[in-house]
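Asker: okay, sequence plus prediction incoming.
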There are 2 protein chains.
Amino acid sequence: MGKKHKIKKLEKKVKRLKRDLKAALNHTSDVAPLAPKGGFPALPIIGGVRFSTAAAGVKYHGRQDVMLAEMIAGTTIAGVFTRSSTRAAPVLDCQVKLGSNPAQKAAFVVNSGNANAFTGANGPASVSKVTSGVAAQLNMPDNRVYSASTGVIGEPLPDGRITAKLAELASGLSADNIEAAANAIRTTDTFAKGAGAEIMIDGKPVRIAGIAKGSGMIQPDMATMLVFIFTDAVIDQVVLQGILSAQVNKTFNNITVDSDTSTSDSLLLAATGASGVTVTAENVAFSQALHGVMLDLAQQVVRDGEGATKLVTVHVTGAVSDQDAKTHALSIANSPLVKTAIAGEDPNWGRVVMAIGKSGATADRDLLSISFGDVLVAEKGWVSPNYSEEAAAAYMKHEELTIAVDLGLGNGEAKVWTCDLTHGYIQINADYRS
Amino acid sequence: MGKKHKIKKLEKKVKRLKRDLKAALNHTSDVAPLAPKGGFPALPIIGGVRFSTAAAGVKYHGRQDVMLAEMIAGTTIAGVFTRSSTRAAPVLDCQVKLGSNPAQKAAFVVNSGNANAFTGANGPASVSKVTSGVAAQLNMPDNRVYSASTGVIGEPLPDGRITAKLAELASGLSADNIEAAANAIRTTDTFAKGAGAEIMIDGKPVRIAGIAKGSGMIQPDMATMLVFIFTDAVIDQVVLQGILSAQVNKTFNNITVDSDTSTSDSLLLAATGASGVTVTAENVAFSQALHGVMLDLAQQVVRDGEGATKLVTVHVTGAVSDQDAKTHALSIANSPLVKTAIAGEDPNWGRVVMAIGKSGATADRDLLSISFGDVLVAEKGWVSPNYSEEAAAAYMKHEELTIAVDLGLGNGEAKVWTCDLTHGYIQINADYRS
């Protein structure tokens, strides 16, 4: 064989191997393939809130890693947090402070790079140093400063690096800085996450803007989800907490990337009242707008799920209760066999049957029907007589998919959002130590 | 650059790419790397049981895919089955037959290639044809014939292919044919699974032999676990069921490959009485021997888990109850983040903390300690002062690992066995449709 021929053959081999390797690793570009097109959205300015960021070098270097948000006196604050029994020190601190007197100013201070989780007695000590530092700097009581941390666990938070930046952070506060804030709280997120809404209530505008981070991991991190939402509505704290808790059960509590729950998940919602418009528990327009913002942010977290190439809506109807519907939906959304079938673009409804069967919630095999998009695949305990494998396989090639299950038992309903399970997930979580 | 130099460079590139690709796919050989050394074990002959196999072409061609086991009159039979609400027709049929009169002969008939699951009214009709066919062939009542099916779901069982082989199966029955039976029930298992024991009770030998299949999948299959165990002891049916149920909760119910539960899981235990030795509920030696056989088979299923390269024992102690300990252990064993860390040989104890936190069972962050093998990694809510990352990383390179968690709360204890989550798992379950 001539050298020229051999070179050609080897070059072909390299090309093929490169393609196979790329497929095997499900190679993702720098930004997740499911990232919203058009980049960070234009968000409304929320009266009564100012943001700033700083590069404190908590762990990362050469990037902003601390964000400060200051809210005016009168701001009410609601929150929901991870239920993990091993939750981090900042989470425990926030939970205590939720009932603080809204007459005073308030602040959120957040760092990336270190989660201050499983840090023993160092945990609350660091939280106290950071939050009392912010309180002194901005002239507010300690119990109005809420903190969150995300990043490596088990290492003491280098709180001095943060407190050294507080004067700089205080002087940099600005109303139009929310995108920088969204960037500062990222760990391995591939894009900054934001969503907003503007609605009219009693003929006056009310605005909502939120940012989130979630789903990236660096050893020995875990996926932490942090969400901060602001509105200029006037809302009583108890009402605000009620609205938030109701909406979280239809948005953030209905997403899953890999069934693993962080020790640091926190969502804080601040209502500054700057619009002068009062929102009560009965105001449907506000709840709907908040729902839209929260759902958008929640889906952005799934879109940035490790290795994700498909955004999947699991819609369960006909259950004996909403709770049962959610149990079935999460069982489907968390099943490794369902998630790998989706990655393989395989309309594998048998695995959906399996996931329903194992969930523990009520189901009758002979009443349930399953659809992938518009394709009815199974009904009455067997494959649908009109089922077309070709149509189902073609549907599975879409980037956004819906798996619909009707249990045929009652009126219970739930929607859950998830992503597929790919080589990229294994790559990110198993191989980085090489 | 000369051609010779270019060839050398390209060859180097090919070599590197091949290595990377192999690593990415976690390339497994034909037989799972964790398979027991030495092949199928020598099992004791169980008096009163005869086996035969046939190539019925249910789905596979050129291999044995049906097995028949015939037991003498007087044989008592106990069973445990999947709790899936979408369980298959043969499972429902077995559950009804468990109380059948032991005065008559009995049989197990098992096919691979088709699970007869989610097949509507065809399901029970096929079970009836096969079991009544066996009953007529072997001269026993229908309700003494137990069937199991494993393979593709949603397709009607071609029962005629099985009934056409019943005469051949009946004439081929032989006491020393158990290895062939273990092979006939395989789907994508990479090795046949068997385990046995011989103990002395009242100075007389009592024997136990069992076979299992589990953990392979072919689209649109799911992992089905089938287990058949035989003993020549004399055991009352109610006592036999009690012993079996107690042991299953310490063996098969404590393994997990991917948290997904099959629609067909079945374990049948037959006591022929041929030894003449009576075993009562109080006989510890028999229960211990049965435990050993069941644990061996259960661990073989994990060893054949898709893509598995590590066999992991999760040992939780100090829980407020055994049930709480098991909840924690399964939360750790099913966590995709823990399983990928193990695949990456990463002593990532932070993910173990996370899995304990999310389990829902009782834990106190500041009391728990975690060890990888002999390496104490965390205690009292923080990393151990003597923790050596080097020692832990070296330990993680072993093929068999133990993660031990002491919750420091009570006397509850559980052991769970699992495997790692690798590119091989994704490869098997997502990529085969290419």
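Answerer: That came through fine. All values derive from a computational prediction rather than experimental measurement. Numbers count the residues shown, from 1 in each chain, chains lettered A, B, ... in the order given.
Asker: residue boundaries of the helices in chain A?
Answerer: A:3-25, A:89-97, A:122-138, A:159-163, A:166-171, A:178-184, A:237-248, A:284-303, A:322-334, A:336-343, A:349-358, A:389-395, A:423-430 (DSSP state H).
Asker: so can I have CSV of those helices showing mean pLDDT and mean neighbour count?
Answerer: Using the backbone N, CA and C atoms, a C-beta is placed for each residue, glycine as well. Listed next are the helices of chain A as CSV, based on pLDDT from 0 to 100; neighbours: other Cβ atoms under 10 Å in any protein chain shown:
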stretch, mean pLDDT, mean neighbour count
helix A:3-25, 69, 14
helix A:89-97, 92, 20
helix A:122-138, 96, 20
helix A:159-163, 97, 20
helix A:166-171, 97, 17
helix A:178-184, 93, 23
helix A:237-248, 88, 18
helix A:284-303, 86, 20
helix A:322-334, 92, 24
helix A:336-343, 90, 27
helix A:349-358, 86, 28
helix A:389-395, 92, 15
helix A:423-430, 80, 26
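Asker: turn those helices into a markdown table, columns for distance to B:P205.
Answerer: Below are those laid out as a markdown table (distance: least, Cβ to Cβ, whole Å):
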| stretch | distance to B:P205 |
| --- | --- |
| helix A:3-25 | 53 |
| helix A:89-97 | 61 |
| helix A:122-138 | 61 |
| helix A:159-163 | 70 |
| helix A:166-171 | 79 |
| helix A:178-184 | 73 |
| helix A:237-248 | 63 |
| helix A:284-303 | 60 |
| helix A:322-334 | 46 |
| helix A:336-343 | 43 |
| helix A:349-358 | 40 |
| helix A:389-395 | 55 |
| helix A:423-430 | 48 |
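Asker: now the ones you listed in TSV, with distance to chain B?
Answerer: Listed next are these as TSV, based on distance: least, Cβ to the nearest Cβ, whole Å:
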stretch	distance to chain B
helix A:3-25	4
helix A:89-97	10
helix A:122-138	8
helix A:159-163	16
helix A:166-171	27
helix A:178-184	23
helix A:237-248	17
helix A:284-303	15
helix A:322-334	8
helix A:336-343	4
helix A:349-358	3
helix A:389-395	8
helix A:423-430	4
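Asker: what comes up buried for stretch A:36-43?
Answerer: A:36, A:43 (16 or more other Cβ atoms under 10 Å in any protein chain shown).
Asker: outside of that stretch, which residues touch it?
Answerer: Contacting residues not belonging to stretch A:36-43 are listed as A:178-179, A:182, A:191-192, A:194-196, A:209, A:300, A:303 [Cβ atoms under 8 Å, 6 or more residues apart in numbering or on different chains].
Asker: ok now it, how far from the chain's centre?
Answerer: For stretch A:36-43, the separation from the chain centroid amounts to 16 Å (computed by Cα atoms, centre = their mean, to the nearest Å).
Asker: and that stretch, average pLDDT?
Answerer: In this model, stretch A:36-43 carries a mean pLDDT of 87.
Asker: which ones are touching the residue lying closest to A:G210 once chain neighbours are set aside?
Answerer: Nearest residue to A:G210 in three dimensions, chain neighbours excluded: A:I229, at 3.5 Å (Cβ to Cβ, 6 or more residues apart in numbering or on different chains). By Cβ under 8 Å, 6+ apart, the contact list for A:I229 reads A:208-211, A:267-270, A:290, A:293-294, A:297.
Asker: next, the contact list for the closest residue in space to A:G373 that isn't next to it in sequence, please.
Answerer: Distances taken as Cβ to Cβ, 6+ apart put A:Y395 closest to A:G373, at 4.5 Å, once the chain neighbours are dropped. A:Y395 sits next to A:347, A:372-375, A:401 when contact means Cβ under 8 Å, 6+ apart.
Asker: so what touches stretch A:314-333?
Answerer: By Cβ under 8 Å, 6+ apart, stretch A:314-333 touches A:254, A:256, A:312, A:338-339, A:352, A:355-356, A:358-363, A:368, A:402-418.
Asker: out of those residues, which end up buried?
Answerer: A:254, A:256, A:312, A:338-339, A:352, A:355-356, A:358-359, A:361-363, A:368, A:402-409, A:412-418.
Asker: can you check the pLDDT for A:C419?
Answerer: Reported pLDDT for A:C419: 90.
Asker: let me fix that: A:S215
Answerer: For A:S215, the predicted pLDDT is 58.
Asker: and for the one 5 residues further on?
Answerer: The per-residue pLDDT reported for A:P220 equals 31.
Asker: and what of A:A56?
Answerer: For A:A56, pLDDT reads 96.
Asker: A:D346 contacts A:A392, correct?
Answerer: No: when contacts are counted by Cβ atoms under 8 Å, A:D346 is not listed as touching A:A392 (9.1 Å).
Asker: need the contact list for A:A308.
Answerer: Contacts of A:A308 by Cβ under 8 Å, 6+ apart are A:32-34, A:257, A:302, A:419-420, A:422, A:424.
Asker: between those, which is nearest A:R186?
Answerer: Closest approach between the contacts of A:A308 and A:R186, by Cβ to Cβ: A:A32, at 12.3 Å.
Asker: show me what A:V314 bridges to in the sheet.
Answerer: A:I403, A:V416 (DSSP bridges).
Asker: ok, the one 5 residues further on next?
Answerer: Beta-bridge pairing for A:A319 (DSSP bridges): A:G412.
Asker: measure it to A:V405 for me?
Answerer: 9 Å (Cβ to Cβ, to the nearest Å).
Asker: before we move on, the earlier item: what bridges to the residue nearest to A:G210?
Answerer: A:G210, A:L269.
Asker: surely A:A135 meets A:P141?
Answerer: Yes: contact criterion Cβ under 8 Å: A:A135 and A:P141 qualify, at 6.1 Å.
Asker: residues that sit against both of the two, list them.
Answerer: With Cβ under 8 Å, 6+ apart, A:A135 and A:P141 have no common neighbours.
Asker: please parse chain A into its domains.
Answerer: What automatic domain parsing lists as the domains of chain A is A:49-303, A:311-430.
Asker: distance to B:G2 added to these, as a markdown table?
Answerer: Putting the domains of chain A into a markdown table (distance: least, Cβ to Cβ, whole Å) gives the following:
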| stretch | distance to B:G2 |
| --- | --- |
| domain A:49-303 | 42 |
| domain A:311-430 | 37 |
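Asker: quick one: closest of those domains to A:L10.
Answerer: domain A:311-430 (25.6 Å).
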